[in-house]
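K.L.:
When you get a sec, could you give me coordinates for this:
(2 chains)
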Number of protein chains: 2
Amino acid sequence: MMKVSHTKVSEIGEFGLIKLISEILEIRESPLLLGIGDDAAAWHTKGGEIELATTDALVENVHFSLKTISWEDLGWKGLAVNLSDIAAMGGTPKYALVSLCLPPETEVENVVELYKEMASLAQEYNLAVVGGNVTSAPLVALSITVVGETEKGKLLTRSAALPGDKIAVTGYLGASAAGLKMLTEKLEFEAEETSILKEAHFRPCPRIAEGKILVEQGIQTAIDLSDGLLSDLDKICQASKVGAKIEADKIPIHPAVKKHFGEKALELALSGGEDYELLFTGKSEILDKVKNFLPTPATVIGEITDDSGKVVVLDEDGKPIEFRREGWEHFTYLSQP
Amino acid sequence: MMKVSHTKVSEIGEFGLIKLISEILEIRESPLLLGIGDDAAAWHTKGGEIELATTDALVENVHFSLKTISWEDLGWKGLAVNLSDIAAMGGTPKYALVSLCLPPETEVENVVELYKEMASLAQEYNLAVVGGNVTSAPLVALSITVVGETEKGKLLTRSAALPGDKIAVTGYLGASAAGLKMLTEKLEFEAEETSILKEAHFRPCPRIAEGKILVEQGIQTAIDLSDGLLSDLDKICQASKVGAKIEADKIPIHPAVKKHFGEKALELALSGGEDYELLFTGKSEILDKVKNFLPTPATVIGEITDDSGKVVVLDEDGKPIEFRREGWEHFTYLSQP
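P.N.:
Next up is the predicted model:
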């Protein structure tokens, strides 16, 4: 285990901490398939299926500000980001448990709005919110656990990418981070664009149907884009012990992001995070086939290489572009507007 | 649904909020057996067993103060209170997911201590910590979800108590609340007593083995004592549509509590909360038999009545004693010493 005396959490960051925790907890793996370190934990049930479980938290002034997000959207997003982890495993969500921290002075109406929206999203994805917990706290925090399932042998992981695999993503990238930037910097765009960018940031669509199609069509590697394309692709490379190259001009940047953020647009798409699209890899011929079945368009953006641990972004002339590789690091606070 | 305009969370309290949330979420129950409102949610798996899930959170300065609790004990207690909910269903815990909020300046060593203790408790109860999430926050909060199972038809609920049933509890009551009082009021006792009361407050023992024996021996009704005897018994009475009478002098108050808290001792045992013992009901002959099998001594303290919704405490002359019936209401903050 790494030496930790007199080290602060902010010094090793979220990923350093997760690595450390997984070292402590990796006591026994069976009958687990996967423990900590993928989008969700996965193990076999007695019935022979694979059960999945994931947990994610949204904390006030870290992941959201009540000055910009509505209570409805908070309910939506809190559940959606967890469903996205189930999607990244090729799974079907079954049920959710919700742990909610609230300041005592919170209006009950707001709590009702949050739960109604969460119930409506749960109904849309055919899962049940079966339990939970409410407690007082000086700030609002929402921690949700989702349990899901997949059929035997049907699982997307981070560790199955092979050199030569093509890399693809669903949907557009960069719109969520652009939406956050628009809100925090009080940028003003046309009504429709404003609405698209806000929606992208506050109401991500978990790609459950897409994940299931991917796994049925023989794709084995996927991750959901929560921390940013570069950061999340790096996780696949580390888990699969491979490298990757991305062609910058193939990245499906949202048109509204291109229009308003110019040179910054590529960075938002590469490192902005919270797009909650699926990134997946597979043989060229499988990807060509699978693209025809997906309800959300998918775009091939690059290729897995044998240059282990190295993720490069190439410009249109094939030259590497230098970028900060940091993801959405949760050990810094949102700046308060 | 109740009217909620301009009402604050603190006005309706934890239980009012839970009632409201369960009204919003009760969209569909099948294939659920139980949704929100028991110690854990329960439903049938395809394999025919019953799966259980529960979530509970510990928030700094609401449920604990870092001035008194160690990081080890926080890890223990965070997991133990969730295991206690599985025990109250007669279940076996299978796995846990941990969502941890930490201030960026937290020492990594402390996080290691917390997880090591949690891993050790998990190993003791043969469950796996399969996943989790860490995020920054201005305070420490620990939200844990535990999934467990029971065999088909073997389930303890809050809603099966019948008039004439005897009421019993495992272990001693009042020691956890007495421990908290000792710490916050800086009371000084002998070393051994200090250690017993601290242990009772910080390191509750989930009664998993006891819960399993109860359900195997035909007991159908149980709850774990988290909010306090009166409050938790009231939940059984409400769910079962019955009443209850308790004989004050039969309540197994911990000797150290009796010795140091005099008249207050009974109140601590009735309303102090956080004992995490099991309260269960059943026919006299089943209780007499089951007591012989339990690793923790159980004491009969009263009887279920047909006086629906009414919980009375009788003194040694059979006269009702008046008490505040409030439980461990989580919408107030701990007073900062």
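K.L.:
Can you pull the residues of the stretch 101-250 of chain A lying near chain B?
P.N.:
Counting by Cβ under 8 Å from any Cβ of the partner chain, the residues of the stretch 101-250 of chain A close to chain B are A:101-109, A:111-112, A:115-116, A:119, A:122-123, A:128-139, A:141, A:143, A:145, A:147. In short, each C-beta sits where N, CA and C put it, glycine included.
K.L.:
Take those and keep only those in helices.
P.N.:
Members of those lying in helices (criterion: DSSP state H): A:Val108, A:Glu109, A:Val111, A:Val112, A:Tyr115, A:Lys116, A:Ala119, A:Ala122, A:Gln123.
K.L.:
Now, of those residues, which are buried?
P.N.:
Buried members of those, counted by 16 or more other Cβ atoms under 10 Å in any protein chain shown: A:Val108, A:Val111, A:Val112, A:Tyr115, A:Ala119, A:Ala122.
K.L.:
What separation is there between A:Leu187 and A:His63?
P.N.:
If you measure A:Leu187 against A:His63 using Cβ to Cβ, to the nearest Å, the figure is 20 Å.
K.L.:
Looking at those two, which has the bigger crowd around it?
P.N.:
Shown here are A:Leu187 and A:His63; by other Cβ atoms under 10 Å in any protein chain shown, A:His63 has more neighbours (23 against 13).
K.L.:
Tell me which other helices or strands the host helix or strand of A:Lys77 touches.
P.N.:
A:Lys77 belongs to helix A:71-87 when assigned by DSSP states H and E. Applying 3 or more Cβ pairs under 8 Å, 6 or more residues apart in numbering or on different chains; DSSP states H and E, we find helix A:71-87 packed against strand A:50-59, strand A:92-102, helix A:108-124, strand A:141-150, helix A:191-202, helix A:208-216, strand A:221-224.
K.L.:
could you dump these to a markdown table with distance to B:Lys181?
P.N.:
Conversion of the helices and strands packed on helix A:71-87 to a markdown table gives the following (distance: least, Cβ to Cβ, whole Å):
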| stretch | distance to B:Lys181 |
| --- | --- |
| strand A:50-59 | 31 |
| strand A:92-102 | 25 |
| helix A:108-124 | 32 |
| strand A:141-150 | 28 |
| helix A:191-202 | 45 |
| helix A:208-216 | 49 |
| strand A:221-224 | 47 |
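K.L.:
I'd like these laid out as CSV, including mean pLDDT.
P.N.:
Output for the helices and strands packed on helix A:71-87, formatted as CSV (pLDDT from 0 to 100):
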stretch, mean pLDDT
strand A:50-59, 94
strand A:92-102, 94
helix A:108-124, 94
strand A:141-150, 95
helix A:191-202, 97
helix A:208-216, 98
strand A:221-224, 97
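K.L.:
residues in contact with A:Ile219?
P.N.:
Taking Cβ atoms under 8 Å, 6 or more residues apart in numbering or on different chains as the contact definition, A:Ile219 lies against A:Gly90, A:Leu156, A:Phe280, A:Thr281, A:Gly282, A:Ile286, A:Leu287, A:Val290.
K.L.:
Who is the third one paired with across the strands?
P.N.:
Right, the one you point to is A:Phe280. A:Ala168, A:Ala222 (DSSP bridges).
K.L.:
what's around it, how many residues?
P.N.:
By other Cβ under 10 Å, the residues close to A:Phe280 number 31.
K.L.:
That one is in contact with A:Ala161, isn't it?
P.N.:
No: judged on Cβ atoms under 8 Å, A:Phe280 makes no contact with A:Ala161 at a distance of 9.1 Å.
K.L.:
Surely A:Leu287 touches A:Ala168?
P.N.:
Yes: in this structure A:Leu287 lies within contact range of A:Ala168 using Cβ under 8 Å: 5.6 Å.
K.L.:
Which phi and psi values does A:Leu156 adopt?
P.N.:
Note on A:Leu156: its backbone torsions stand at phi -90, psi 130 [degrees, to the nearest 10].
K.L.:
how much space is there between it and chain B?
P.N.:
According to Cβ to the nearest Cβ, to the nearest Å, A:Leu156 stands 16 Å off from chain B.
K.L.:
try A:Thr7
P.N.:
Here A:Thr7 is placed at a distance of 4 Å from chain B (Cβ to the nearest Cβ).
K.L.:
Tell me the spatial nearest neighbour of that residue, not counting adjacent residues.
P.N.:
The shortest distance from A:Thr7 to any non-neighbouring residue, by Cβ to Cβ, 6 or more residues apart in numbering or on different chains, is to B:Val108 (4.4 Å).
K.L.:
repeat for A:Lys259
P.N.:
Sequence neighbours aside, A:Glu193 is the residue nearest to A:Lys259 in space, at 7.6 Å (criterion: Cβ to Cβ, 6+ apart).
K.L.:
With just CA atoms, put stretch A:45-55 into PDB.
P.N.:
The C-alpha atoms that make up stretch A:45-55 are tabulated as PDB, following Å, rounded to 0.1, in the frame of the first residue of the first chain:
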ATOM      1  CA  THR A  45     -26.600 -14.700  -8.400                       C
ATOM      2  CA  LYS A  46     -27.700 -18.200  -7.400                       C
ATOM      3  CA  GLY A  47     -30.100 -18.000 -10.400                       C
ATOM      4  CA  GLY A  48     -27.100 -17.700 -12.700                       C
ATOM      5  CA  GLU A  49     -27.700 -14.100 -13.800                       C
ATOM      6  CA  ILE A  50     -25.200 -11.300 -13.100                       C
ATOM      7  CA  GLU A  51     -26.200  -8.700 -10.500                       C
ATOM      8  CA  LEU A  52     -24.800  -5.200 -10.600                       C
ATOM      9  CA  ALA A  53     -24.600  -2.400  -8.000                       C
ATOM     10  CA  THR A  54     -23.400   1.100  -8.100                       C
ATOM     11  CA  THR A  55     -23.500   4.200  -5.900                       C
END
